[in-house]
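Participant: Okay, predicted coordinates and the sequence, questions at the end:
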Amino acid sequence: MREELQQLIERFVGKEPFSSETALNKKLHIEGDDAEDLLVAFSEAFEVDISNFPFDDYFYSESKVPYLWFIKFLGLGKEKKPFYIYQLEAAIKTKRLVWIKYAFRTLITRTNISIEGR
């Protein structure tokens, strides 16, 4: 599973070093259409339901990507939450990528998921 996920992410970011604690949007700078394409490819590759995932809480839309430096510099708009690779790892095990305020901890507890470095 880990190797397949690594290969999928590398299709979008190249050979950048990353771990379970790496934020896709903050460290690897995946936003907009690239983020959407990655999540769709992830969903198909690992048969994970992403239909209830709040994309806009974590990623900027493609229309804002060219202006991100400006938006961040001026403090315009709401800062996006970091989206970590361990969230994808947990979704593979639960077959759902749902992010409600405390759902992640609940899913880990209920499914007895062990996450590297956590």
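Facilitator: Looks like it arrived, so ask away. Numbers count the residues shown, from 1 in each chain.
Participant: what's near enough to touch F18?
Facilitator: I9, K27, L28, I85 (Cβ atoms under 8 Å, 6 or more residues apart in numbering). In this view, the C-beta of every residue, glycine as well, is placed from N, C-alpha and C.
Participant: Just confirm it is within a helix.
Facilitator: No - under DSSP: H, G, I helix; E, B strand; the rest coil, F18 sits outside any helix and is assigned coil.
Participant: Roughly how far does it sit from E47?
Facilitator: Distance of F18 to E47, given as Cβ to Cβ, to the nearest Å: 23 Å.
Participant: again, but for K78
Facilitator: Taking Cβ to Cβ, one finds K78 at 32 Å from E47.
Participant: what number of residues lie near the nearest residue to L28 once chain neighbours are set aside?
Facilitator: Spatial nearest neighbour of L28, excluding adjacent residues (Cβ to Cβ, 6 or more residues apart in numbering): V13 at 4.8 Å. Per other Cβ atoms under 10 Å, the neighbour tally for V13 reads 17.
Participant: And V13, how far from S51?
Facilitator: 25 Å.
Participant: so where does E44 fall, helix or strand?
Facilitator: Element membership of E44, judged by DSSP states H and E, is helix 32-46.
Participant: ok, and for that helix, which residues are buried?
Facilitator: Under the neighbour-count criterion of 16 or more other Cβ atoms under 10 Å, helix 32-46 has G32, D34, A35, E36, L38, L39, F42, S43, F46 buried.
Participant: Could I get the phi/psi values of D49?
Facilitator: Per-residue torsions, D49: phi -80, psi 120 (degrees, to the nearest 10).
Participant: Pull up the gap between it and E36, please.
Facilitator: Taken as Cβ to Cβ, the span from D49 to E36 is 16 Å.
Participant: what's the residue nearest to L28 sitting at in phi/psi?
Facilitator: According to degrees, to the nearest 10, V13 has phi -120, psi 0.
Participant: from what I can see it touches N25, true?
Facilitator: No - V13 is beyond contact range of N25, at 11.3 Å (criterion: Cβ atoms under 8 Å).
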